[in-house]
Structures are given as C-alpha cells and as structure tokens.
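Undergrad: after the sequence you'll find the predicted model.
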Amino acid sequence: MQSAWTREAFVTILVAALLMWLLPYAVSTYTLTILIIYGMLAFSLGLIWGFGGILCFGQAAFFGLGAYTYAVAAINIGESTLPMLLAVAVPTLFALLLGAMMFYGRLSDVYLGVITLVVTLIFFTFMNATAGSQYAIGSARLGGFNGIPGFPILNVPGQPDLLIYGDALFYVCAVCLLVVYLLVSHLLRSGFGRIAVAIRENETRVSLLGYDVRARKTLLFAIGAAIAGLAGALFANWAEIVTPSLFSLVQSAEIIIWCIVGGLGTRIGPILGAAGLAYLKFLLGQQSMIDNTVIMGLVLVLFVLFLPKGLVPAVLSLWQAGQGRRRRARGLRPFGSQRGRERPVG
Amino acid sequence: MDLFFVISLEVLYGIASLVLISVGLAIVFGMMKVINLAHGEFMMIGGYAAITAVNLGINIFVAMLIVAPLVVGVIGLVVERLVIRHLYGRLVDTMLATWGLSLLFIGLATMIFGNTTTGISTPIAGFTVGNYQVNGYNLFVILIAVCVIAGLFIVLKTTRLGLIARGTMQRSDMAAALGHSPDRVYMATFFCGSALSGLAGAVFAPLVGLVPTSGGSYIAEAFITVIVGGPALIAGLLSSAGLLGLISQFFTFAISPVIGEMALLVAAVILLRILPQGVTSRFFKGRL
C-alpha cells in the first residue's frame, strides 16, 4: 500500500516534470499558464462532483472570490504572499458557511445546484453594481463592470521587488497544480476520501454506519473551494485584471463542461478536459467562421447524449477490457479483483 | 393615493412578469420533471422571431401572440425529439444537455443577428395617474399573464386533453395502460411549454434591448421561481412569483433596483433552505 502510493507519486512527479520541460516547446507559456489554471479549476469541481457527488453549479463563485480577494488584498498590502494565502482562505471559509447551510439542511442534487447557482448570480449582480467610489475595501475600489486593474502581481515571498511573471509564472502554476494533485490523491487514499466516495454511492447507508455525512460533505465542499480560490488567485496574476465576468453563468457552465468531457470520477479527466477544451477554444478564437459558443454547446450536448461518462473513463475501460482479455488468455486474474486486497475503509 | 395606485401596479407588474417568464419552464418541469436550461434562449428566440416578423410588416400583436409562440414551439418540438426524449428520468443530464443547447442557440443567434442590440418600440402609449406617468405596456403584460394562467387552468382542469396530461404527469405507466402514449403527451407538453416561453420572450422584446445573450437574464429568475414554487404547477407558480415579486419590488422601491434583484435571490436561498421541496410541498398540497 505504502509503496504503491510512493510509486504513484514518483511517476506523477516524473510525468509532470517531463511535461513542464517539453510543453513550452509546443505552446507558448502564456497560453499554457491559463490552461493549467483552468485545469486546476476543473480539478476542484472534479473532486467535489466526481468523488463527493456534490453537483455545484457555482464553482465560478469561489474562483471569482479567490481572484477578487487576491486583487483587493494585494492593493491594500502591496505584496503578494499574504494575499495569496487570503485568496485561498476566504473562499474556503465562505464555502464552509454555505456548505453548512446547505448540507445541514439536507438539500440534495437539483436544489443544491440552484442555491450554488443563485449565490454565483448574487456575486455577479453585486460586483457589476459596485461602480461608485463608495464601494471600496481599504484603498481598493471594486470598480463595477470594469473590475479591478493594476494590482501588484506575484512576487517571491519576502522580496517584493522580485516579481514572478511570464515563464516563471508558468512554472509556479504548474508546480501548484502538481502539489494540489498530489495532496488530493493522498486525500482520496485516506479514510476521508474513501468515505466521501461511499457517501456519493449511498448516503443513507454511510450515515447509518455512524459517519457524520453532513460534516464530511461540508468539509469536502470547502476543500474544493480552496482549490478553486487558489486557481482564482493565479488567474488574477495571469490576467492582471479581475472583472465580474469571473462570476458569470458562462464561466460556471464551462467548468461543468470540462468535467463532463474529461470524465467524472477520475482525477486527471477534468484537468485534461479543461486544458483540451480551453486550447480548442483558443484555436477556434483565431477563426471567425463559426461562433465559439456553437462548438462548446454542441460538444456538451453530444457528450451528454453519447458519452456521458467522459473521455478518460471511456478510454480506460476500453484499455481495461483489452487488458482483461489478454490476462484471461494467459490464465491470470482479471484486472478488477486487485482492488479487493486494499486496506478496508475507515 | 396616486402613489399607492402606481406602486401596487408596479408590484403587480413585477409578479406578472415573473409568472410570464417562468410559466414555460414550470410546465415542462411540473409535467415532465425536466429542467430546460435553454428556456432563456427560447425566450430570446421568441423575441427575435417577433422583431423579425414586425420588420417584415406583420402586425405587432400578431407577431407577438401568434408568430413567436409558433416558431419557438416548433423549435422546442425538434429539440425534444432530437435530445430531450433520450434523457427522460435523468434530471442532471437533461440540465446539462439543455445548457449545451442554450450555448448553441446563443452562438447561432450571434452568427445570424450579430452581437448588437435590436428592439422595437412598445405599441401601447403611457398614461398619467395624478402626477405620475404610468407605462401602458405594463398593463398589457399583466393582462397577458392573467390570460395565460387562466387558460392553463381551464385547459388542465376542464378539458379531456388536460385530464390526460394530468394523468400522465401523475402515473405515466397507468396512462399508457389506458391507451394514451406518454411519449406523445410529453411531446405535446414540451411544445406548449416552448410556445409559452416564446410568447413571454416576444412580450418582453419591446421592453428590453435584445442581444443574443439576453436569455441569461431570464433563466435564473425563471429557474428560481419554478424551484421555489415546488410540485404544484399553477399554485406553485403563483405563490412563488407572488412572494418573490413582492419582495423584489419592495426592495426596489425602498432602496434600488440592484438591491431588489439581490433581495429576490437572497429570499430564494432562504426559502429553499426552509422549504427544500418548494412552497407547495407544504402549502396547497395536492392542488394543481
């Protein structure tokens, strides 16, 4: 068990390092940075939706909250270390409160979706209406529809003059995603992660076994929000402006599309879905024949109809089917039964 | 006294517009348990249909009340046959698929009509009450909302078609055993729901500058009103539109329109927390 985890972590780091070295030769680091940030955002929803069964229509709220928190804090503090921490902490706290309100009220699927959507809309409406100078936090004006430009960008901790941008920001984002990925992988192997999956499968049974489902769901929701907040702060550094469109319905829809296309219930699926679709959008943006949204809409409809599980699980199951046939031909145990040997839950 | 009259008219208008915006969605959700997130885009298409028809020289009332509902109804029919039919009973998947459709329609509208604001002028002149100017078109919106609700009630309650529709809504297997194809009923229901969305979109077209992304501003309010209303179709729609409309108009007058909009959203969150299955899961139980 321990060695399997070490091996997986080692392979992940190796692959990530290889990608970080090779990808900049193919695509500019400026584009890669945003692909990674979107990957992280999709990963946050992939965690709570794919493994926790919580369909949040408002992951954009935490993304935007992270970005806005960073911008406001960076203007007031003038340096980036504390704002980065705040940009993770504020969405987490907010998600704890919102999650507690929803999960302790025992709301489920559609109603959860509605409330998260409504909360995102509240942010969107509010931020759009903050144009006047009376809407300011400290010395940062919220700026309404135009958003907040010109805040200090990321610097090396403790040295406000050493700014991180361009290629350096790409490596920072990539390492952030890698660390988040490893932490979440570890979390999913722990008792907490296994019970989260069990809750997704059968909530009543898990609560009858004596686990506090409400607290666990709230916590998982907050972890997802923390990751989305981090992605938001990195986005603020990449774009160097934050606007209310971060909270828009289109943004929320895109996160969900990325997860569906990439594949729920996998860790890598949402990341690949986000990076792939965002890159596709980038390429499509260079032509003007067909409107971007048409393609995005078609992709979502076709995937829901024909491949509701997403790309990665479909490819995996194909591969496993092939693997199983080969093993059976050699008289070995089928692939799936290895799982039974792992440590019991709890 | 004049002020009181004007304000109550505004409140009535707020409620009526919520009813009109959500009635198409409510029918589809109440009858088929399908949440059509492309509802806002259906309204947007209704608006464009009405404007195009008016530009072609058709009388504005004919365009709004007949052309737009027919066009959107037919589009709804196509959507139902091609996409939604395969997803009955999978609530989340229908939401996602219709969300995809909504993006598709936005894109298509942008390609056809361009990303610019279009509009027509309101066909009804305003009038004055004491010192206040009242928009005459608001009365028209209230009238249409009342007609739609009354028509819906009469069809569902007194006609044979309504009986079959209600029966299918409650127990589709029993309706099928009695010889009524649920498939056909769902198709007809979706047509009616879409047509009403088109009607609503057309009625609001003179009031707003229409852009391809106009649907987004409707869908949230419609969605919230329907979910807060709960299982009963008409009672749910009326009670939640009444409640939310009252709250939002109150805050609009007391503070500002933005606060009014936010008050509506906050009220919806609180209501859902207290009554997670909607208002009519506790009150008016078993009504239509």
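TA: Done, it's in. Numbering: from 1, shown residues only, chains lettered A, B, ... in the order given.

Undergrad: quick one, helices of the stretch 1-150 of chain B?
TA: B:2-32, B:39-55, B:60-62, B:68-82, B:91-113, B:136-158 (DSSP state H, counting those that start in this stretch).

Undergrad: what's near enough to touch the residue of the stretch 51-200 of chain A found nearest chain B?
TA: Per C-beta to the nearest C-beta, residue A:129 is where the stretch 51-200 of chain A lies closest to chain B, at 4.1 Å. Heads up, the C-betas are built off the backbone N, CA and C, glycines and all. Counting by C-beta atoms under 8 Å, 6 or more residues apart in numbering or on different chains, residue A:129 touches A:144, B:258.

Undergrad: returning to what we had before: closest one to chain A among the helices of the stretch 1-150 of chain B?
TA: helix B:91-113 (3.0 Å).

Undergrad: which ones are touching residue 110?
TA: Because you didn't say which chain, this covers chain A. Neighbours of residue A:110 in contact, by C-beta under 8 Å, 6+ apart: B:35, B:91-92, B:95, B:227.

Undergrad: other chain: chain B
TA: So residue B:110 contacts A:291, A:293, B:212 (C-beta under 8 Å, 6+ apart).

Undergrad: just confirm residue A:265 contacts residue A:313, I think it does.
TA: Yes - the pair residue A:265 and residue A:313 qualifies as a contact (C-beta atoms under 8 Å) at a distance of 6.6 Å.

Undergrad: contact residues of the stretch 151-300 of chain A facing chain B?
TA: Contact residues (C-beta under 8 Å from any C-beta of the partner chain) of the stretch 151-300 of chain A with chain B: A:248-250, A:253, A:256-257, A:260, A:290-300.

Undergrad: repeat that with 7 Å
TA: The stretch 151-300 of chain A comes close to chain B at residues A:249, A:253, A:256, A:260, A:291-294, A:296-298, A:300, as judged by C-beta under 7 Å from any C-beta of the partner chain.

Undergrad: flag the shaky bits of the chain, pLDDT-wise.
TA: Using chain A. Residues of chain A meeting the criterion pLDDT under 70: A:1-2, A:288, A:328-346.

Undergrad: that was the other one, I meant chain B.
TA: By pLDDT under 70, the low-scoring segments of chain B are B:285-288.

Undergrad: by neighbours, which of the contacts of residue A:110 wins?
TA: Neighbour counts for these, by other C-beta atoms under 10 Å in any protein chain shown, peak at residue B:227, which reaches 29 neighbours.

Undergrad: element containing the nearest residue to that one once chain neighbours are set aside?
TA: Leaving out its chain neighbours, the residue that sits closest to residue B:227 by C-beta to C-beta, 6 or more residues apart in numbering or on different chains is residue A:114, at 5.0 Å. In the assignment (DSSP states H and E), residue A:114 maps to helix A:109-128.

Undergrad: so which bits of that helix are buried?
TA: If you call a residue buried by 16 or more other C-beta atoms under 10 Å in any protein chain shown, then helix A:109-128 has these buried ones: A:110-128.

Undergrad: how about the residues of the stretch 1-150 of chain B by chain A?
TA: B:35, B:83, B:86, B:91-93, B:96-97, B:99-101, B:103-104, B:106-108, B:110-111.

Undergrad: hmm, 8 Å instead?
TA: B:35, B:83, B:86-87, B:91-93, B:95-97, B:99-108, B:110-111.

Undergrad: filter those residues down to just the buried residues.
TA: Neighbour counting by 16+ other C-beta under 10 Å classes B:35, B:83, B:87, B:91-93, B:95-97, B:99-108, B:110-111 among the residues of the stretch 1-150 of chain B next to chain A as buried.

Undergrad: I'd like the next helix or strand past the lengthiest helix in chain A.
TA: Secondary structure of chain A per DSSP state H: the longest helix is helix A:213-239. Once the chain leaves helix A:213-239, the next helix or strand it forms, by DSSP H and E, is strand A:241-242.

Undergrad: contacting residues around that next one?
TA: Here strand A:241-242 makes contact (C-beta under 8 Å, 6+ apart) with A:64, A:67-68, A:70-71, A:147-150, A:235-236.

Undergrad: and the next helix or strand past it?
TA: Next along the chain after strand A:241-242, taking DSSP H and E as the criterion, comes helix A:249-262.

Undergrad: helices or strands up against that following helix?
TA: Helix A:249-262 makes packing contacts with helix A:29-45, helix A:59-77, helix A:109-128, helix A:268-284, helix A:292-306, helix A:311-329, helix B:91-113, helix B:215-229 when contacts are defined by 3 or more C-beta pairs under 8 Å, 6 or more residues apart in numbering or on different chains; DSSP states H and E.

Undergrad: neighbours around residue A:204, how many?
TA: Residue A:204 - counted by other C-beta under 10 Å - has 9 other residues nearby.

Undergrad: for it, helix, strand, or coil?
TA: Residue A:204 falls in the helix class when you classify it by DSSP: H, G, I helix; E, B strand; the rest coil.

Undergrad: and the gap between it and chain B?
TA: Counting by C-beta to the nearest C-beta, to the nearest Å, the separation of residue A:204 from chain B is 17 Å.

Undergrad: which residues touch the helix or strand hosting residue B:176?
TA: Using DSSP H and E, residue B:176 falls within helix B:172-177. Residues outside helix B:172-177 that contact it (C-beta under 8 Å, 6+ apart) are B:164, B:167-168, B:182, B:185.

Undergrad: report the buried residues of it.
TA: Residues B:172, B:175 are the ones in helix B:172-177 that count as buried (16+ other C-beta under 10 Å).

Undergrad: the next helix or strand after that helix versus helix B:215-229: what angle between them?
TA: For helix B:172-177, the following helix or strand on the C-terminal side (DSSP H and E) is helix B:182-204. Here the directions of helix B:182-204 and helix B:215-229 differ by 120 degrees (axes from the mean of the first three to the mean of the last three C-alpha atoms, to 10 degrees).
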